[in-house]
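Novice: Everything below, folded, please.
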Amino acid sequence: MSLQASPKTSSGWEGYEKIALRTALIYAVISTIPFTPEFYTQDFDAGFNVNSYFFRWFDAISQNKPWFFPSQEGKNYTGWFITLLVCAFAALLWNILDKHRKDYERLYYWFYVAARYGIALRMSWFAWAKVFPVQMPFPTISQLNTNLGDFTPGKLYWLTTGVSPFFEVFAGVFELLATILLLYRRTTTTGALMMIAILVPIWFVNIGYDAGVELTSLHILSLSILLLVRDSKKFYEILIEHKAVALTYVPKIQFRSDWKNKARLVLKYGFILIFILYRGVGYGNLYANGKSFKLPLDDGLAGVSGFYDVSEFKINNRTIPYSAGDTVRWQNVIFEKFNSISVKIDKPFQVNTKNSVRTTEFYGSIGRYYYGYQADTMKQIFTLSNRADTSSKLVLHYDRPDEKHFVLSGINEHSDSIYVVLAKVDKKYPLAQKRK
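Specialist: Below you'll find the predicted structure:
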């Protein structure tokens, strides 16, 4: 799609260029503004462990997808391609109805705006979540005690990235810089080039690790490339022929009404205030408080986090000794710093890889049951809710004879009485020790 002036048409644009420009504009707009009714009827807290996550709406808008078909966990390339065809068909109709238009530079300006802000809307979310490393947090105690083979490749990639906060922060700073450069016309080309350098490996990482956001990364990558297409010939002359060539400069639009010019500035800096500054402050506060939106924000019972061996286990007053492969007996229990308890049981698991729950602890792994808990310290009662199946609950009375032991008793999900003695084990983790 070369958008250079042509003497063959009165507007300076070839017929196919006009259709291509309109296609790109439609695609950029529908990917930024949610048009599908499903977006507005969705559960905005789905997949998040805490409903009080105060900038959830901003993130939901940033994750809006333009395709008209289910993403199939980020792999529906057919739906994405059909979406492009729909945009092209709409552009063809628009071209017929608007065939007398002469000013295509103004139309290009609106594409230029929609593409830049569409990229910034998404990448500001990814960037700040890495600058303050809350997107891929350090592995939890439960994850440190999950067998390597019990993770999906996508979950394993996220965890290994979380192990190195330095790398995550570096990537976030690079993404944030590219995002800010895109917000200004004079630095858009540099920002788009940086985005391509960022997004090509991200796209291939998602393909190779089945990390679930292939289409999202491809979509942002395609918008970044479209911003450079107009100067594609000039890039060839600069890089291959070593010529001194000036890249296209897109001037700002000037409205006849002064209030429209002021409104444009208000919208621009309002966007920066909300999606760059306010979002950055929100993630900074989250990180400063030792939290991550990927994990519950509610604190657990003070002073109990750690690994506990199950030294005694009874079900219906029948003692069950430890045996590898036992599908009933608890093997160990982990109390996290937040309000989660995970239980290791050797029984078949159905791995959950749905993107709607990718923010939760049990996404992309098997081997452990995860429970959110509320502790009544007066009555010494734990109320446990299964993270994967919130209708499944346990109510357990607890005694704590000393700081290293718990005695749990009560009724499990199957209405069986259980009695569990937990003994805390002071485990050391090389990953955590290296981090310090």
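Novice: Show me the protein divided up by domain.
Specialist: What automatic domain parsing lists as the domains of the chain is 15-288, 306-435.
Novice: Okay, now the unreliable bits of this protein?
Specialist: 1-11, 36-39, 42-58, 60, 63-71, 73, 355-359, 434-436 (pLDDT under 70).
Novice: now do 50
Specialist: 1-9, 47-51 (pLDDT under 50).
Novice: following the longest helix along it, which helix or strand shows up next?
Specialist: Of all the segments of type helix in the chain, defined by DSSP state H, the longest one is helix 104-131. Following helix 104-131 in sequence order, the next helix or strand is helix 141-144 (DSSP states H and E).
Novice: Can I get that following helix in CSV, CA atoms only?
Specialist: Only the C-alpha atoms of helix 141-144 are listed here, as CSV (Å, rounded to 0.1, in the frame of the first residue of the first chain):
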residue,chain,number,x,y,z
ILE,A,141,5.4,-21.1,46.8
SER,A,142,2.9,-23.4,45.3
GLN,A,143,4.4,-23.0,41.8
LEU,A,144,7.9,-23.6,43.2
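Novice: Quick check: buried residues in the following helix or strand past that helix?
Specialist: Per DSSP H and E, helix 141-144 leads on to helix 153-162 as the next helix or strand towards the C-terminus. Residues of helix 153-162 classed as buried: 154-159, 161-162 (neighbour count, 16 or more other CB atoms under 10 Å). Using the backbone N, CA and C atoms, a C-beta is placed for each residue, glycine as well.
Novice: Serialize the domains of the chain to TSV and add fields for distance to Leu297.
Specialist: Shown next, in TSV, are the domains of the chain (distance: least, CB to CB, whole Å):
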stretch	distance to Leu297
domain 15-288	4
domain 306-435	7
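Novice: Chain neighbours aside, what residue packs nearest to Gly303?
Specialist: Residue nearest to Gly303 in three dimensions, not counting chain neighbours: Glu403, with 7.2 Å by CB to CB, 6 or more residues apart in numbering.
Novice: the inter-axis angle of the longest helix of the chain versus helix 153-162?
Specialist: Relative orientation of helix 104-131 and helix 153-162, computed by axes from the mean of the first three to the mean of the last three CA atoms, to 10 degrees: 70 degrees.
Novice: Distance from the chain centre to helix 104-131, please.
Specialist: Mean C-alpha position of helix 104-131 versus that of the full chain (CA atoms, centre = their mean, to the nearest Å) differs by 17 Å.
Novice: ok, then the element right after the helix or strand harbouring Val200?
Specialist: Using DSSP H and E, Val200 falls within helix 188-209. Once the chain leaves helix 188-209, the next helix or strand it forms, by DSSP H and E, is helix 214-229.
Novice: and the angle from that following helix to helix 104-131?
Specialist: Going by the same axes, to 10 degrees, helix 214-229 makes 140 degrees with helix 104-131.
Novice: So what's the gap between helix 214-229 and the chain middle?
Specialist: Using CA atoms, centre = their mean, the offset of helix 214-229 from its chain centre is 17 Å.
Novice: How about that helix, which residues are buried there?
Specialist: 214-228.
Novice: Same check on stretch 87-97?
Specialist: Result for stretch 87-97 [16+ other CB under 10 Å]: buried residues 87-88, 91, 94-95.
Novice: Turn those residues into TSV, columns for distance to Gly367 and secondary structure.
Specialist: Converted to TSV, these look like this (distance: CB to CB, whole Å; DSSP: H, G, I helix; E, B strand; the rest coil):
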residue	distance to Gly367	secondary structure
Cys87	44	helix
Ala88	47	helix
Ala91	50	helix
Trp94	54	helix
Asn95	56	helix
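Novice: which residues touch Asn316?
Specialist: 416-417 (CB atoms under 8 Å, 6 or more residues apart in numbering).
Novice: Kindly report the same for Tyr363.
Specialist: 155, 352-354, 357.
Novice: Val310 now?
Specialist: Contacts of Val310 by CB under 8 Å, 6+ apart are 322, 329-333, 420-422.
Novice: Please apply the same query to Asn145.
Specialist: Applying CB under 8 Å, 6+ apart, the residues contacting Asn145 are 307, 332, 334, 344, 368, 427.
Novice: Buried ones among the residues you listed?
Specialist: Buried among those (16+ other CB under 10 Å): 307, 332, 334, 344, 368.
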